[in-house]
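Asker: I need the structure of the sequence given here:
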Amino acid sequence: MLDTSLGTGPQALEGSNTNSASVGAYPLEPFQTPLLDLTKTYSNIEIIPARPGYFPVILSGFFPEWVIESVVGTQTSPPTVQAGNNAAHNNSIPTTATTPTNALVNTAVPPTTVTGPGNPAVTLKQFPNTPVFMDITVAAQGTGGYSCLARLSFIVHWIAVSQ
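Answerer: Residues are numbered from 1 along each chain as shown. Sure, this is the predicted structure:
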């Protein structure tokens with residue numbers, strides 16, 4: 001029986017009386033934005049839907065990644081991107097995320113993937129049952145008729161919370 005076997009997972013402190021490392025119906029889940037022109041600003045792009053009883057965490061490390069589909073010219077200043085389900089839209093991707101970088105865009109051979117934004121400070125409040133919205137607050141700039149079309153691709157881990 002799981003309840004009496006050591007090393008089978010964390011002790012159940014609430015819910016059913018079994019040890020378990022799995023907490024819910026939503027495992028890791030991939031998401032991707034629509035194709036975006038990074039030379040334009042955007043507000044309130046819904047990138048992750050609400051899930052009752054959960055809040056999302058965008059995994060960093062191997063994701064998120066930009067999927068660059070087209071580049072013309074040379075990028076001289078990257079866009080500033082942020083995302084979140086709080087009022088400031090910054091608790092999933094920080095407001096300081098200037099990505100994709102000039103070096104990555106200017107050496108990209110589309111279609112290709114390049115490193116995306118990192119995660120914000122872990123002390124920011126998370127809101128269950130609320131969608132995540134992304135903003136591009138500062139558009140990318142460049143020379144030579146610069147344009148860049150890309151999608152942000154990422155993996156979400158759902159965290160269950162009490163209702």
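Asker: Which strand or helix spans the nearest residue to S70 once chain neighbours are set aside?
Answerer: Leaving aside its sequence neighbours, S70 sits nearest to L149 (C-beta to C-beta, 6 or more residues apart in numbering; 4.2 Å). To be clear about C-beta, it is placed using only N, CA and C from the backbone, and glycine gets the same treatment. Take DSSP states H and E as the rule and L149 turns out to sit in strand 141-160.
Asker: That strand pairs with which strands?
Answerer: strand 29-32 (antiparallel), strand 36-37 (antiparallel), strand 54-58 (antiparallel), strand 65-77 (antiparallel) (DSSP bridges).
Asker: tell me the contacts of the spatially most central residue of the chain?
Answerer: Compute the mean C-alpha point of the chain, and by C-alpha atoms, centre = their mean the closest residue is I58, 4.1 Å away. By C-beta atoms under 8 Å, 6 or more residues apart in numbering, I58 lies in contact with I48, P64, A83, S92, I93, N119, F154, I155, V156.
Asker: Tell me how many other residues crowd the closest residue to F133 other than its chain neighbours.
Answerer: Of all residues not flanking F133 in the chain, N44 sits nearest, at 4.9 Å (C-beta to C-beta, 6+ apart). Look at N44: counted by other C-beta atoms under 10 Å, it has 9 neighbours.
Asker: List the contacts of P34.
Answerer: Taking C-beta under 8 Å, 6+ apart, we find P34 in contact with I45, R151.
Asker: brain fart, P100
Answerer: Taking C-beta under 8 Å, 6+ apart, one finds L38, W66, I68, P78, P79, A108, V114, T115, G116, C148, A150 in contact with P100.
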